[in-house]
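Trainee: With the sequence up front, the predicted model follows.
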Amino acid sequence: MDGVMTRLYAEIPPEEFGSVDDSFMISFLTDEEKHVLSTRYQYFRVNVPVTVSLMRDQAQRQLPFWLEPSGFKKTDMLVKNEEYTYEVWQKDFDEGLVELGVNGFDKHRPVYFVSVAPRDKEASLTVTDVYPSTYNSDTLRVGAFTYHDWSGLELTEVPQALQNQLYFTTVRGRAREAHVIDAFRATPHPSSAKPDELLLTWSESPKTTINIQWRNSGDVNDGFVRYWKKGSTDTTRVHATKLSLDDRLLYNDRYVNRFTAGLKGLQPGTSYLYQAGAGSPGVWSDVASFTTEAEELKPFSFVWFGDTHFFPDSGKIVSRAMRENPDAAFYSVAGDNVSTGLYRDEWDRYFYRSGTLFANKPLMPVPGNHDRQDGLGAKLYTDLFALPLNNPEGVDQELSYYFEYGDALFIMIDATSDVEDHTPWIDRILSNTKAKWKFVMFHFPPYNFEEPYFDIQQEWVPLFDKYHVDMVMGGHIHYYMRSKPMNGGKVVNDYSKGTVYAISISIPSKHDQLGPEPYAVKQYAEGYFYQRVEVGPHELTYKAVDSEGVVRDQFSIRK
């Protein structure tokens with residue numbers, strides 16, 4: 001499909017992209033391309049003759065172009081789950097390779113899935129050479145799930161003739177693999193020869209290191225950072241690493257290069273100025289600045305946001321936070337940074353609407369379910385952020401991590417990854433830290449009125465209780481809530497005995513009615529906010545500020 005899109009851009013003007021449909025694609029594709037799209041989407045080898053059943057969502061308007069021509073025939077059988085009804089198509093295959101094609105040129109998310117059974121009921125079926133091998137096989141039955149990105153969606157009706165057949169699970173993201181109908185996007189902020197989208201993060205000590213990241217157009221292949229102490233002219237130059245990004249449906253800016261320069265050996269408690277530079281044609285960014293953490297323990301503040309999704313209003317609250325918190329050491333977002341994390345144009349809006357904030361203050365985010373979508377992972381997220389590589393085993397790097405700043409520990413968790421994989425990692429971090437203050441951030445809040453996360457309550461909350469985490473910050477539910485101190489799922493009478501759980505939102509949101517939360521101190525069904533946390537040697541001070549600059553919630557903890 002990368003090759004198909006390259007040829008399409010060369011032959012078809014953008015004003016005709018809106019007319020791309022199935023019939024256009026059938027006429028546009030070469031015979032070789034049609035063959036690949038008809039046979040290489042899914043395949044496996046069988047040792048005996050089999051019948052393959054293909055479960056296709058009835059709501060999909062257009063049949064996959066290869067389905068009937070390849071010999072599949074529609075049956076009267078139906079397979080159902082709570083959301084979708086699938087019609088069953090079948091075809092007999094001889095011993096050998098079974099090859100299947102794409103779900104379609106649309107982006108129909110409930111993609112088809114298949115089961116397989118030997119034509120001779122007495123034969124022993126062996127399946128090998130399965131592609132894709134990422135997803136496990138299961139037994140077709142009531143109660144089985146289909147999509148790894150929606151594991152709670154279970155089959156509710158399976159015909160007797162298909163019961164207990166071997167079947168292949170999948171993810172809804174596979175609908176995107178050949179997506180071209182209504183698929184083309186344009187970024188309002190295309191790249192150029194001048195470095196932009198400057199971003200600061202940490203992956204090592206905030207006292208002596210910092211990462212500087214930026215974007216250039218795809219024809220800029222070399223990058224540098226030059227930096228100097230504020231008030232000095234003694235400049236140091238550092239070469240940056242390059243990562244090429246390809247968003248094949250972003251027709252006005254398909255290829256960009258992302259550069260990262262890791263600055264090391266910095267002096268603690270020092271302010272620096274810097275510029276990012278394109279090696280050729282020798283264009284430099286505007287001057288930005290950063291300040292390293294002090295060597296000695298000092299009070300500091302940080303600002304965090306709930307879901308930003310980076311709409312214009314979240315840009316507004318970010319701009320307000322920047323104006324009102326010039327002393328903040330860093331910023332964080334509790335997931336759902338954007339609405340579709342697979343689309344680079346949404347990240348372009350993210351950086352554009354944040355202005356110069358993240359060029360001058362480090363951003364330490366966590367991913368939400370919108371940052372990784374449809375079971376396809378969060379590769380673009382990790383391509384954009386250079387974050388600590390101290391993740392738990394079994395979790396992709398830079399998605400879950402931890403760092404210390406001042407006398408505080410921050411555990412940043414990808415709650416869209418496996419919950420149990422994090423438990424021993426969280427235990428180890430909390431048991432080894434000497435930090436006085438402990439903060440945890442992840443997207444799915446364990447306590448909320450709408451969708452309590454009992455797996456998190458079971459796996460992580462006991463550790464927060466055991467090691468006395470001061471505050472857990474999250475988002476996802478699109479309202480504001482701050483709890484009383486809690487321990488063991490119950491309210492306690494003192495902050496020294498429990499953890500505060502907070503949920504926030506950084507875009508306009510409104511719930512007609514919030515459910516009862518007896519543990520809540522504050523609930524707001526509408527409005528959007530930023531949160532400032534001041535951390536001192538003996539006191540933590542918190543306030544939530546709305547989009548008009550009004551403080552809507554505040555409290556303090558003394559130790």
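Mentor: That came through, no problem. Numbering: from 1, shown residues only.
Trainee: what's the stretch of helix or strand Phe351 belongs to packed up against?
Mentor: Using DSSP states H and E, Phe351 falls within helix 344-353. The contact analysis (3 or more C-beta pairs under 8 Å, 6 or more residues apart in numbering; DSSP states H and E) places helix 344-353 against strand 196-201, helix 312-324, helix 379-384. Backbone N, C-alpha and C define where each C-beta goes, glycine included.
Trainee: what's the closest residue in space to Lys510 that isn't next to it in sequence in contact with, if anything?
Mentor: Excluding the flanking residues, the one nearest Lys510 by C-beta to C-beta, 6 or more residues apart in numbering is Glu526, at 4.0 Å. Residues near Glu526 by C-beta atoms under 8 Å, 6 or more residues apart in numbering: 479, 508-511.
Trainee: what's the answer for Trp437, then?
Mentor: 407-409, 470, 535, 540, 559.
Trainee: can I get these in TSV with neighbour count, secondary structure and distance to Asp553?
Mentor: Formatted as TSV, the contacts of Trp437 follow (neighbours: other C-beta atoms under 10 Å; DSSP: H, G, I helix; E, B strand; the rest coil; distance: C-beta to C-beta, whole Å):
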residue	neighbour count	secondary structure	distance to Asp553
Asp407	17	coil	24
Ala408	21	strand	20
Leu409	23	strand	24
Asp470	25	coil	16
Val535	25	strand	18
Leu540	21	strand	14
Lys559	14	coil	21
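Trainee: coming back round to it: so which of the helices and strands packed on helix 344-353 gets nearest Arg258?
Mentor: helix 379-384 (6.2 Å; C-beta to C-beta).
Trainee: Point out the other helices and strands that the closest one packs with.
Mentor: Using 3+ C-beta pairs under 8 Å, 6+ apart: helix 379-384 touches strand 241-246, helix 344-353.
Trainee: before we move on, the earlier item: which among the contacts of Glu526 count as buried?
Mentor: Among the contacts of Glu526, those buried by neighbour count (16 or more other C-beta atoms under 10 Å) are 479, 509.
Trainee: Can you add pLDDT and give the contacts of Glu526 back as CSV?
Mentor: Formatted as CSV, these follow (pLDDT from 0 to 100):
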residue, pLDDT
Tyr479, 97
Pro508, 95
Ser509, 92
Lys510, 91
His511, 92
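Trainee: Among the contacts of Glu526, which are located in helices?
Mentor: Residues of these located in helices (DSSP state H): none.
Trainee: circling back: highest mean neighbour count out of the helices and strands packed on helix 344-353?
Mentor: strand 196-201 (a mean of 22; mean count of other C-beta atoms under 10 Å).
Trainee: next SSE after that one?
Mentor: Counting by DSSP H and E, the next helix or strand C-terminal to strand 196-201 is strand 210-217.
Trainee: For that next one, output the C-alpha coordinates as CSV.
Mentor: Extracted as CSV, the C-alpha positions of strand 210-217 are listed here (Å, rounded to 0.1, in the frame of the first residue of the first chain):
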residue,chain,number,x,y,z
ILE,A,210,17.9,17.2,28.7
ASN,A,211,16.5,16.0,25.4
ILE,A,212,15.7,18.4,22.6
GLN,A,213,13.5,17.2,19.8
TRP,A,214,12.1,18.9,16.7
ARG,A,215,10.7,18.4,13.2
ASN,A,216,12.1,19.2,9.8
SER,A,217,10.9,18.5,6.3
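Trainee: Show me what it is packed up against.
Mentor: strand 196-201, strand 223-229, strand 255-263, strand 271-278.
Trainee: partners of the first helix or strand past the last one going along the chain in the sheet?
Mentor: The helix or strand immediately downstream of strand 271-278 is strand 283-284, counting by DSSP H and E. When pairs are called by DSSP bridges, strand 283-284 turns out to pair with strand 271-278 (antiparallel).
Trainee: Okay, angle between the strand it pairs with and strand 210-217 too, please.
Mentor: Orientation note: strand 271-278 sits at an angle of 30 degrees relative to strand 210-217 (axes from the mean of the first three to the mean of the last three C-alpha atoms, to 10 degrees).
Trainee: coming back round to it: how about the helix holding Phe351: buried residues?
Mentor: Counting neighbours by 16+ other C-beta under 10 Å, helix 344-353 gives 344-351, 353 as buried.
Trainee: Val545 in helix, strand or coil?
Mentor: Under DSSP: H, G, I helix; E, B strand; the rest coil, Val545 falls in the strand class.
Trainee: Domain boundaries for this structure, per the record?
Mentor: 2-176, 186-296, 297-558 (automatic domain parsing).
Trainee: Most tightly packed of these?
Mentor: domain 297-558 (a mean of 19).
Trainee: Need the distance between the two termini of that domain.
Mentor: This stretch, domain 297-558, spans 17 Å end to end (C-alpha to C-alpha, to the nearest Å).
Trainee: Work out the gap between that domain and the centre of the chain.
Mentor: 14 Å (C-alpha atoms, centre = their mean, to the nearest Å).
Trainee: same for the very next helix or strand once past the helix holding Phe351, what does it pack against?
Mentor: Next helix or strand after helix 344-353 toward the C-terminus (DSSP H and E): helix 357-360. Helix 357-360 sits against strand 196-201, strand 288-291, helix 312-324, with contacts defined as 3+ C-beta pairs under 8 Å, 6+ apart.
Trainee: for the helices and strands packed on helix 379-384, which one sits closest to Asp222?
Mentor: strand 241-246 (7.3 Å).
Trainee: how distant is that closest one from the center of its chain?
Mentor: 19 Å.
Trainee: do stretch 78-96 as well
Mentor: On C-alpha atoms, centre = their mean, the centre of stretch 78-96 falls 31 Å from the chain's centre.
Trainee: now that stretch: mean pLDDT?
Mentor: Across stretch 78-96, the average pLDDT comes to 98.
Trainee: Next, work out how far apart Asn391 and Thr541 are.
Mentor: To Thr541, Asn391 is 31 Å away according to C-beta to C-beta, to the nearest Å.
Trainee: just to revisit the earlier point, as a whole number, average confidence for the helix holding Phe351?
Mentor: 97.
Trainee: Find the centremost residue of this protein, please.
Mentor: Asp371 (2.3 Å; C-alpha atoms, centre = their mean).
Trainee: okay, that one: pLDDT?
Mentor: 96.
Trainee: Checking the nearest residue to it once chain neighbours are set aside next. Helix, strand or coil?
Mentor: Nearest in space to Asp371, with sequence neighbours left out and distances taken as C-beta to C-beta, 6+ apart, is Gly341 at 3.8 Å. Here Gly341 is coil, with the state taken from three-state DSSP.
Trainee: Identify the residues contacting stretch 121-139?
Mentor: The contact list for stretch 121-139, computed with C-beta under 8 Å, 6+ apart, reads 40, 42-50, 97, 116-118, 144-145, 148, 164-171.
Trainee: how close does the most far-flung residue of the chain relative to its centre sit to Val48?
Mentor: Computed with C-alpha atoms, centre = their mean, the residue of the chain farthest from its C-alpha average is Glu122, at 46.4 Å. In this view, Glu122 and Val48 are 10 Å apart by C-beta to C-beta.
Trainee: same deal with Trp425?
Mentor: Trp425 is 45 Å from Val48, by C-beta to C-beta.
Trainee: same check, this time on Glu154
Mentor: Distance from Glu154 to Val48, by C-beta to C-beta: 30 Å.
Trainee: do Ile413 as well
Mentor: Ile413 is 46 Å from Val48, by C-beta to C-beta.
Trainee: and if you look at Lys510?
Mentor: 58 Å.
Trainee: rewinding a little: which single one of the buried residues of helix 344-353 is nearest to Ser232?
Mentor: Phe351 (28.8 Å).
Trainee: need the contact list for the residue lying closest to that closest one once chain neighbours are set aside.
Mentor: Nearest residue to Phe351, sequence neighbours excluded (C-beta to C-beta, 6+ apart): Glu197, at 4.0 Å. By C-beta under 8 Å, 6+ apart, Glu197 lies in contact with 213-215, 348, 351-352.
Trainee: next one: Glu177
Mentor: 1, 41, 102-103.
Trainee: how about the closest residue to Leu250 other than its chain neighbours, phi and psi?
Mentor: Ranked by C-beta to C-beta, 6+ apart and with sequence neighbours excluded, the top spatial neighbour of Leu250 is Arg185, at 5.2 Å. Main-chain torsions, Arg185, degrees, to the nearest 10: phi -130, psi 160.
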